[in-house]
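>>> after the sequence you'll find the predicted model.
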Amino acid sequence: SNGLLVRLVEDHEVPLVWLRLEFGAGAWADPPGQEGLAAVTMDMLDRRTQTLDERTLSKKKRRLACTLSTYAHRNGSTLSASSLSSNLDETLDLVTEVLRQPTFHAGDLRGDLKGRTLGLEKESLQPSSLCRRALLRVLYGDVYRGRTPSEESYSRIPASDLRAWANRHLHPGDAILMVGGDTSMEQIVPMLEERLGDWEAGAKTIPPRITPTQPVPMA
């Protein structure tokens with residue numbers, strides 16, 4: 001009822017259900033000077049919720065034998081999950097809590113950013129990584145793939161901005177839910193309506209127009 005687009009492919013051969021919720025905003029929507037914000041936000045989204053800490057959340061996933069992960073890529077952001085069809089109800093409860101009640105804990109953020117900064121230091125010692133960054137900068141300039149995270153951009157990401165990015169971009173007006181496996185529209189739509197029907201749709205994120213430059217031929 002809130003406009004979330006749902007697409008289903010039924011397959012009742014095995015008692016499993018897969019869900020993939022795709023949002024339009026990804027790394028391309030990072031604000032200038034905060035490159036990496038989308039990736040950090042999505043990485044932190046399933047770290048802990050208002051009622052579940054990281055350890056309890058992990059134990060609950062193991063008990064349900066379900067998977068749940070969140071991540072951002074260049075062109076969008078993804079929440080994916082899989083579940084035994086007999087545990088679909090409880091898995092959807094967990095998905096809903098992660099999606100709608102994340103806690104962007106400052107301590108978790110410090111640890112995440114420290115790991116990412118160490119990763120950048122390792123990349124700086126690899127010629128292939130340096131060449132890739134230079135090539136993307138030449139091709140795209142200061143837009144799209146030409147903008148890459150740095151230690152400085154990570155230092156400009158407070159926990160409050162993670163929540164602001166999530167509130168702005170993670171909503172049903174800019175999403176599609178793809179479902180596959182041992183379920184049907186008659187079964188899953190009422191389950192989704194119960195959990196997500198009051199999830200307010202925001203404005204669709206409009207990507208920028210990107211025109212890559214042509215590399216100058218070498219003599």
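Arrived safely, thanks for sending.
>>> longest single helix anywhere in this structure?
helix 106-123 (DSSP state H).
>>> hang on, residue 22 packs against residue 174?
No. Look at residue 22 against residue 174 with CB atoms under 8 Å: they stay out of range, at 9.4 Å. For the C-beta atoms, the positions are set from N, CA and C on the backbone; glycine is no exception.
>>> from the chain's centroid, how far away is the helix or strand residue 138 falls within?
Secondary structure assignment for residue 138, by DSSP states H and E: helix 127-140. Here helix 127-140 shows a centroid-to-chain-centroid distance of 25 Å under the convention CA atoms, centre = their mean, to the nearest Å.
>>> next one: stretch 48-61
Taking mean C-alpha positions (CA atoms, centre = their mean), stretch 48-61 and its chain are 18 Å apart.
>>> which stretches in this protein count as helices?
Counting by DSSP H, the helices of the chain are 37-45, 54-64, 88-100, 106-123, 127-140, 151-155, 159-169, 185-196.
>>> helices or strands up against the longest helix of the chain?
Here helix 106-123 touches helix 37-45, helix 151-155, helix 159-169, going by 3 or more CB pairs under 8 Å, 6 or more residues apart in numbering; DSSP states H and E.
>>> rerun at 10 Å
Judged by 3 or more CB pairs under 10 Å, 6 or more residues apart in numbering; DSSP states H and E, helix 106-123 is in contact with helix 37-45, helix 127-140, helix 151-155, helix 159-169.
>>> residue ranges with poor pLDDT in the chain?
207-219 (pLDDT under 70).
>>> try it again with 80
For the chain, applying pLDDT under 80 flags the ranges 202-219.
>>> how near is the spatially closest residue to residue 88 that is not a sequence neighbour to residue 45?
Closest residue to residue 88 apart from its sequence neighbours, by CB to CB, 6 or more residues apart in numbering: residue 17 at 5.4 Å. Noted for residue 17: a distance of 21 Å to residue 45, by CB to CB, to the nearest Å.
>>> now do residue 67
Distance from residue 67 to residue 45, by CB to CB: 15 Å.
>>> quick one: closest of the helices and strands packed on helix 106-123 to residue 108.
Among the helices and strands packed on helix 106-123, helix 37-45 comes nearest to residue 108, with 6.2 Å by CB to CB.
>>> restrict the closest one to CA atoms and write it as CSV.
Extracted in CSV, the C-alpha atoms of helix 37-45 (Å, rounded to 0.1, in the frame of the first residue of the first chain):
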residue,chain,number,x,y,z
LEU,A,37,29.2,7.3,3.4
ALA,A,38,26.8,4.9,1.6
ALA,A,39,29.1,1.9,2.1
VAL,A,40,29.6,2.7,5.8
THR,A,41,25.9,3.2,6.4
MET,A,42,24.9,0.0,4.8
ASP,A,43,27.6,-1.9,6.5
MET,A,44,26.4,-0.6,9.9
LEU,A,45,22.7,-1.1,9.1
